[in-house]
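Novice: Requesting a structural model of the entry that follows:
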Amino acid sequence: MQTEECAINLWNWGVAKRAEDTITEKEQAMVRHISCKLSCWSQGLEASEGIVERNILMAMETGKGWIDAGKPDNATEFLGLALNSLEKLYLMMTQRSTQEADLNVHKTHVERDIFKVLTYQAEAAVFQGNFELASHLIQRCKDMLQRQPEEVRGCSMSADAVHTLAMLYYTLHIDMSRGRRGEGDCVGFDFLKMICDQFEQSPDIWKVLILQLDFLIKRGKEFLAQQKLEEVIKGHHTGKQLPLNILNHLHFILWNCAAKYFKIKNYTEALQWYNYSYSFYDANHSDPNLAKLLRNRASCFLNLNELFKAKEAVMLAEKCEEHSFFTQFILYKIAMKENDVLKGKYMFSTSAILAMGEMASQTEIKEMLLEENYSATDLLSIAAQIALDANEKKVAIKALESVVEHCQDTDQLFTSLRCMVRLSQEHDDDKNIFLSSAYKKLEDPLIWNERQEQRIKEGHWFRKIAWNLAVRNQDSLIMMQDCFLLSYKLSLFCPCDKTVLVAQKSCLIMAASVDLEMARNATCHKEQVQLLMKSLENINLCQELWIILQSTGAFNTDPTETILLLYEFEAKAKLNDPGLGNVLDSLWNLPNLDTKTLESIASLSMEAPAYYPSICKKVLQAALTLHKKQDSPDVYKISKCLHSLIKLTLPERSVELENCDQEEAWQYYKEAHAIISTSVS
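Specialist: Okay, here's the model as predicted:
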């Protein structure tokens, strides 16, 4: 008794835990296995009918549990035990009853359970690939159905078994009749028809009916399936409503059939199957599945160029499911198609893109996959492609901007950015914005955790584009400055090899040059100071790079150092920077100091707002000395140099003559006279 009680308690514990979903099907089958073994072991030789019936139920459920857990081999023992116990139970029942009516009741009771056990055995045989045994067992079940239709009909337990049997028969004939399709189909369909006829009043008859429809559709007998389907639709709306789970299964079958035709671009046939599904909904129904169905119908109408019907369907979808990204995508496709027909201004398509962009920013949209496993950014990319196919670059750029804003996939992100840059060939301002976006994305360390090679590749591509854009915009100093600096910043994501260092140096020199040019043209003192400071920053960065490049020994004739000194001198002179003397010291130490450099320094030292006459005089004197050392002195240049020195020495107004160094001026005049005399003779 203690063992029996333990077996029952363990069984009930397994049932409760499975109901709570805290154990798996396999674990429940293991619990049942132990419980059933304990119960059978404890029943003894003189077990009562009640104990035998309980053990039959436990053996059947254990066998079915192992089948559901995918272990049909373990089920064989328990299903055999159930059959043996059923024979024992029938014998016990007949021994205590003498009336024929009672015997018939007992026979029906036992045969009902035998029918279920045979069904489970057939299911296990199919699992094991033993189709010959499965066919034999199914035939026995079929004979029992034909022999006792009245007794079995309407019994829900038997109806479940019949549904399982029908599924097995269907599966069995799919596997066995591939070489003799016509014969197998005929037998399978006749069997399903027989079940439908005999179990017409059963609440589970819908399961077999759906199986019958699926059988017809998969066997290509779609005309027969449509006839049957129309009967089901009529019955559904006249009192024979399908249970929700069956209806959902039917929708799944119909949508699969429609999708098959949609894939091969037979939109008329696809629409027909979607319409069958739509006919099960009433006018007031509203749920996401209906919205999806309406969008699918809209897509069919769209591909059939029935734009009004497509718009009508998608508007209904919008009522069923507000704020649907996919609905906006269909509206966008319709708008693009309408604009193609009407040659409009693409206003509606742009508004649909904006709506999709707003929806894509929502967290739940970002994290979920939409219909057909498309993400929000996937659909925006498709929207961009549709616009490109229609030669509408502005709409395509709008879509790609949304992709860049919301995309989590690095490849998709930079593909979109490159495409945007290419599409904006005629709009350099837009291109500069897109390049800045690329820089921000390249700067984000989270994106490039383990993808440094791609980061380098993207950096090279965008830095070259930024350089070319700067060169193209020589009429716009601001654009030039932005692009040169952007090219430099983008190059920082690339390895510091010689090529990249030279590119960085060029970018910084050009940026400093543009800053100085803008400072010369600035009318506001504050703005001028800011520009000169920016120029100095770029010069200092470039000087650091130049030191690294010089260490390679390959830039002996490169004028970079001289150019940087000239730029630095101009900026510091105009800022009245106390470090100007250090610049001059560096100038005197140049290995190849020439007259042109000295004359440039002289000019810059007197260019407003700079005013350094002493520095100007000093470098002009050095320039004059170098001129005179030439093998063939240039009289014109010497004369020009002397002219400047005299002008610096003598004041412009005669009243200031007393305070000037007249002796120095007289020496310059004498030198000029000597040179003129020499050149004349």
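
Novice: Where does the prediction get shaky in the protein?
Specialist: Applying pLDDT under 70 to the chain picks out residues 1, 44-45, 97-103, 146-208, 283-284, 340-348, 361-373, 651-662, 679-681.

Novice: mind giving me the domain ranges of it?
Specialist: 436-495, 501-592 (automatic domain parsing).

Novice: can you count the residues close to residue 600?
Specialist: By other C-beta atoms under 10 Å, 18 other residues sit near residue 600. All C-beta spots, glycine's among them, are computed from the backbone N, C-alpha and C.

Novice: Same question for residue 404.
Specialist: Taking other C-beta under 10 Å as the criterion, the count of residues near residue 404 is 21.

Novice: switch to numbering from 11
Specialist: All set: I'll call the first residue 11, so the last point we hit is now residue 414.

Novice: That one contacts residue 443, doesn't it?
Specialist: No - using C-beta atoms under 8 Å, residue 414 is not in contact with residue 443, being 10.8 Å away.

Novice: for this protein, what's the longest helix?
Specialist: The longest helix of the chain (DSSP state H) is helix 110-138.

Novice: could you say what helices and strands that helix packs with?
Specialist: Judged by 3 or more C-beta pairs under 8 Å, 6 or more residues apart in numbering; DSSP states H and E, the packing partners of helix 110-138 are helix 59-78, helix 82-106, helix 141-157, helix 159-162, helix 166-186.

Novice: swap the cut-off to 7 Å and go again
Specialist: For helix 110-138, the elements it packs on are helix 59-78, helix 82-106, helix 141-157, helix 166-186, judged by 3 or more C-beta pairs under 7 Å, 6 or more residues apart in numbering; DSSP states H and E.

Novice: Could you export those helices as CSV, including mean neighbour count?
Specialist: Formatted as CSV, these follow (neighbours: other C-beta atoms under 10 Å):
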stretch, mean neighbour count
helix 59-78, 21
helix 82-106, 17
helix 141-157, 16
helix 166-186, 20
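
Novice: follow-up on the earlier one: and of the domains of the chain, who's closest to residue 67?
Specialist: domain 446-505 (57.6 Å; C-beta to C-beta).

Novice: how long is that closest one from one end to the other?
Specialist: With C-alpha to C-alpha, to the nearest Å as the measure, the first residue of domain 446-505 is 20 Å from its last.

Novice: do the same with stretch 96-114
Specialist: Taking C-alpha to C-alpha, stretch 96-114 runs 15 Å from one end to the other.

Novice: Then stretch 588-605?
Specialist: Using C-alpha to C-alpha, first and last residues of stretch 588-605 are 25 Å apart.

Novice: Centre of the chain to that stretch, how far?
Specialist: The chain centre lies 57 Å from the centre of stretch 588-605; the measure is C-alpha atoms, centre = their mean, to the nearest Å.

Novice: buried stuff in it?
Specialist: 590, 593, 594, 597, 603, 605 (16 or more other C-beta atoms under 10 Å).

Novice: In CSV, list these along with distance to residue 456 and secondary structure.
Specialist: Converted to CSV, these look like this (distance: C-beta to C-beta, whole Å; DSSP: H, G, I helix; E, B strand; the rest coil):
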residue, distance to residue 456, secondary structure
590, 45, helix
593, 43, helix
594, 48, helix
597, 47, helix
603, 51, coil
605, 56, helix
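
Novice: which one of these is nearest residue 498?
Specialist: Distances from residue 498 to those, taken by C-beta to C-beta, are shortest for residue 593, at 23.1 Å.

Novice: Could you check how far that closest one is from residue 615?
Specialist: 11 Å (C-beta to C-beta, to the nearest Å).

Novice: cool, and residue 281?
Specialist: Taking C-beta to C-beta, one finds residue 281 at 83 Å from residue 615.

Novice: again with residue 335
Specialist: Residue 335 is 65 Å from residue 615, where distance means C-beta to C-beta.

Novice: Repeat that for residue 444.
Specialist: Residue 444 is 43 Å from residue 615, where distance means C-beta to C-beta.

Novice: got it, and residue 561?
Specialist: Residue 561 is 32 Å from residue 615, where distance means C-beta to C-beta.

Novice: Settle it for me: which of these two has more neighbours?
Specialist: Shown here are residue 561 and residue 615; by other C-beta under 10 Å, residue 615 has more neighbours (23 against 9).

Novice: list the contacts for the more buried one?
Specialist: 583, 622, 625, 626 (C-beta atoms under 7 Å, 6 or more residues apart in numbering).

Novice: Next secondary structure element downstream of whatever helix or strand the last one lives in?
Specialist: Read that as residue 626. In this structure, residue 626 sits in helix 623-638 according to DSSP states H and E. Helices and strands here follow DSSP H and E; after helix 623-638, the next one along the chain is helix 645-659.
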